[in-house]
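Engineer: Requesting a structural model of the entry that follows:
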Amino acid sequence: MKIPSFPLFKALLSATLASLVLVGGVSHADPDDLPDIGSPAQAMLTLEDEYQIGRMIVRGLRDQDQILEDPEVTEYIRSLGYKLSSQAHDGTQRFNYFMVRDNSINAFALPGGFIGVNSGLLLKTRNESELAGVLAHEISHVTQRHIARSIAAQSRSSLVSTAAMLAAILVGAAAGGGDAAMAGVAAAQSLAIQQQISFTRSNEAEADRVGLGLLARSGFDPNGMPAFFETMSRLAGSSELNIPEMLRTHPVSGNRIAETKERAAQLDVKPEPQSASYAITRERLRVLSTPAGEDPRAYYAATINNEPDATSAQVYGKALALMMAGQPDKAVPIFERLQAADPTILQYHTALGQAQLQAGDGAASLQTLKHARELFPRNVAVTIRYAETLMQKGDSKQAHEILLDLFNTVPPTPEQAKLTAQAANAAGDVADSYYYMSEYHILSGDLLLAVSQLQLALAVPKISEVQRARFEARLDEIQQALPKRSARRTIEASNGDSRRRAN
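Structural biologist: Presented below is the predicted three-dimensional model:
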């Protein structure tokens, strides 16, 4: 098969292969295969190309329900990630952080600055500096462009031999997935094992070194990185556990642990106190990631003998387990005590509001979350929970307004854009509902569906001139992002559909 001439497609082919390999986990290439710093990686794959590729892969994970869509957890991992990446010297790189609904121990970087952390990894860390050490390492893979450099090292014959299969994956993704796309992904993962493409030892050493600097500049204990390496080493030596996925792509040796310990000792850092959100998020994840058929209450019954002797985070987890098990009436008084003891913890407010709503006290839930919004203005988790309660209580108009107020300032996730669309639709603003569904598809990487939604928005009768200008401007942006022939066909087809609906 002849590879199409436009450069983005060729970049998609090569980078998708590398990304699928990275997620799947393979053995390491020989360290002598490390491309030179002066390799043509920059010319072969731009930062924008990498971003589009990474977004497509994340969309696939989301379509398979692999991404944990929880406002409190997402807000924490994003906040921690941005605290670290803000210390990176390359200000042109975008970063996006997300939790993966998987109890295995793994974390990974994708093209374009997308960084995923499995719930199992966060639960295995013992403090926030260990978790920050993992994130700092993955951030460094991105800033050092290890993915692009690895792709540049692959031979043209390797790309040609996989072009047809990867093209099928891309076509399937653009069309919304399906069996053909899934078959292509499975084939790519099988082939990836044979390709032996992964980060080299030199890449790993560089990510360790740069990551330690990020940790120190961000106020974390740099010893958190070698400490977690030691945890991984112990797991690797345990006959009771399978080798963690992370060890296949990030192998840990005694020398590596010693080197990172030595470098960490040379950094003169006074770590900041650990955030309360780390322990709370850990317990929240423990409950949310409980395997099907198991009861999270059992863990807390075995762990907490006497509530006064437990940590606040453990008590929070116990109450959350009660709420998830359909006992919100028992959870409410626990959350009330936690909130009264420390009203600065926003997770106590959102959990109390959720429990009150589930217990049938919608008025109390609205009061709790309205007060929380006053304490934590424009906080994503608080605003989402308040909007959800407003919608359930029949006030979709206000829910729509507060979501717009938030997302005009803070970029939403795809699920949050979808919630805004649902609120707009329930409030009777059909045109805005289509518009925010287009934003959902843009964030998910499906530009064709985004075009369709914008055309539906433009076809709604009696839209204002402001709305029309906004919709058309967004449509023009998407047209420029699509390959020209594909964009023209899509816009023509969408225009035809819109005219038929209008008539």
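
Engineer: What is the burial count for the closest residue to Y76 other than its chain neighbours?
Structural biologist: Nearest non-adjacent residue to Y76, counting by CB to CB, 6 or more residues apart in numbering: T281, 4.4 Å away. All C-beta atoms are positioned from the backbone trio N, CA, C, and that covers glycine. Burial measure for T281: 26 neighbouring residues, criterion other CB atoms under 10 Å.

Engineer: which element is A424 on?
Structural biologist: Assigned by DSSP states H and E, A424 belongs to helix 414-426.

Engineer: Quick check: mean pLDDT of that helix?
Structural biologist: Across helix 414-426, pLDDT averages out at 94.

Engineer: can you pull the buried residues of that helix?
Structural biologist: 414-426 (16 or more other CB atoms under 10 Å).

Engineer: Tell me who's in contact with N425.
Structural biologist: S433 (CB atoms under 8 Å, 6 or more residues apart in numbering).

Engineer: what's the spacing between it and N408?
Structural biologist: Distance, N425 to N408, by CB to CB, to the nearest Å: 19 Å.

Engineer: likewise V460?
Structural biologist: From V460 to N408 the distance is 21 Å (CB to CB).

Engineer: Please name the spatially closest residue to Q93 (chain neighbours excluded).
Structural biologist: G113 (5.4 Å).

Engineer: what does P222 give?
Structural biologist: A264 (4.0 Å).

Engineer: again with N379
Structural biologist: The shortest distance from N379 to any non-neighbouring residue, by CB to CB, 6+ apart, is to L346 (6.1 Å).

Engineer: Make sure the one you found is actually in contact with F376.
Structural biologist: Yes - the pair L346 / F376 is scored as a contact, 5.0 Å apart, by CB atoms under 8 Å.

Engineer: returning to what we had before: is it fair to say the residue nearest to Y76 lies in a helix?
Structural biologist: Yes - assessed with DSSP: H, G, I helix; E, B strand; the rest coil, T281 lies in a helix.

Engineer: got the residue ranges for the strands in this protein?
Structural biologist: Using DSSP state E, the strands of the chain run over residues 96-100, 107-110, 114-118.

Engineer: mean confidence for the first one?
Structural biologist: To tie it back to what came earlier, the one meant is strand 96-100. 94.

Engineer: now the residue lying closest to G362 once chain neighbours are set aside: how far from L369?
Structural biologist: Distances taken as CB to CB, 6+ apart put K393 closest to G362, at 4.9 Å, once the chain neighbours are dropped. Using CB to CB, K393 is found at 11 Å from L369.

Engineer: contacting residues around A205?
Structural biologist: R256, E259 are the contacts of A205 under CB under 8 Å, 6+ apart.

Engineer: right, I mislabeled it, should have said A340
Structural biologist: So A340 contacts nothing (CB under 8 Å, 6+ apart).

Engineer: Give me the pLDDT value at it.
Structural biologist: Reading off the model, A340 has pLDDT 97.

Engineer: now it: how far from P328?
Structural biologist: For A340, the distance to P328 - CB to CB - is 18 Å.

Engineer: just R201 next, same as before
Structural biologist: With distances taken as CB to CB, R201 is found 51 Å from P328.

Engineer: and this protein, what are its domains?
Structural biologist: Domains of the chain are assigned by automatic domain parsing as 7-265, 291-363, 429-503.

Engineer: Compare those and say which comes out lowest on pLDDT.
Structural biologist: Among those, domain 7-265 carries the lowest mean pLDDT (a mean of 71).

Engineer: any idea how far the residue at minimal distance from the centre of the chain is from S277?
Structural biologist: For the chain, the residue nearest the mean C-alpha position is F98 (1.9 Å; CA atoms, centre = their mean). Computed as CB to CB, the F98 to S277 distance reads 17 Å.

Engineer: Show the contacting residues for the residue nearest to Y76.
Structural biologist: By CB under 8 Å, 6+ apart, the residues touching T281 are E72, V73, Y76, I77, L122, Q347.

Engineer: For it, give its distance to P308.
Structural biologist: Distance from T281 to P308, by CB to CB: 23 Å.

Engineer: what residues are up against the closest residue in space to L475 that isn't next to it in sequence?
Structural biologist: Spatial nearest neighbour of L475, excluding adjacent residues (CB to CB, 6+ apart): L454 at 4.7 Å. By CB under 8 Å, 6+ apart, the contact list for L454 reads Y434, Y435, S438, F471, R474, L475, I478.

Engineer: buried subset of those?
Structural biologist: Buried among the contacts of L454 by 16+ other CB under 10 Å: Y434, Y435, S438, F471, R474, L475, I478.

Engineer: would you turn the residues you listed into CSV with distance to P271?
Structural biologist: Below are those laid out as CSV (distance: CB to CB, whole Å):
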residue, distance to P271
Y434, 48
Y435, 45
S438, 44
F471, 49
R474, 44
L475, 49
I478, 45
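
Engineer: so of those, which ones are in helices?
Structural biologist: Of the buried ones among the contacts of L454, the ones assigned to helices by DSSP state H are Y434, Y435, S438, F471, R474, L475, I478.

Engineer: my guess is the last one meets I442, correct?
Structural biologist: Yes - using CB under 8 Å, I478 and I442 qualify as a contacting pair, with a distance of 7.1 Å.

Engineer: intersection of neighbour lists for these two?
Structural biologist: A450.

Engineer: Tell me, what's the model's pLDDT at the residue nearest to Y76?
Structural biologist: Looking at T281, the pLDDT reads 98.

Engineer: gap between it and V73?
Structural biologist: With CB to CB as the criterion, T281 and V73 are 6 Å apart.

Engineer: and if you look at Q392?
Structural biologist: From Q392 over to V73 (counting by CB to CB), the distance is 21 Å.

Engineer: and those two? which has more neighbours close in?
Structural biologist: V73 (24 against 14).

Engineer: Next, the contact list for the more buried one, please.
Structural biologist: V73 touches M99, T281, R284, L285, L288, counting by CB under 8 Å, 6+ apart.

Engineer: Distance to A301 added to those residues, as a markdown table?
Structural biologist: What follows is the contacts of V73, written out as a markdown table (distance: CB to CB, whole Å):
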| residue | distance to A301 |
| --- | --- |
| M99 | 26 |
| T281 | 22 |
| R284 | 18 |
| L285 | 19 |
| L288 | 18 |
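
Engineer: quick one: I463 and A431 touch, right?
Structural biologist: Yes - shown here, I463 and A431 form a contact pair, counting by CB under 8 Å, at 4.8 Å.

Engineer: For those two, list the residues in contact with both.
Structural biologist: A457, F471.

Engineer: if we can go back for a sec, output the contacts of T281 in a markdown table, with distance to L404 appended to each entry.
Structural biologist: Formatted as a markdown table, the contacts of T281 follow (distance: CB to CB, whole Å):
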| residue | distance to L404 |
| --- | --- |
| E72 | 21 |
| V73 | 24 |
| Y76 | 24 |
| I77 | 25 |
| L122 | 32 |
| Q347 | 24 |
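
Engineer: Tell me which residues touch the closest residue to F228 other than its chain neighbours, please.
Structural biologist: Nearest residue to F228, sequence neighbours excluded (CB to CB, 6+ apart): E130, at 4.2 Å. When contacts are counted by CB under 8 Å, 6+ apart, E130 is found next to G224, M225, A227, F228, T231.

Engineer: Spell out which residues sit in contact with the last one, please.
Structural biologist: What it means is T231. K124, T125, R126, E130.
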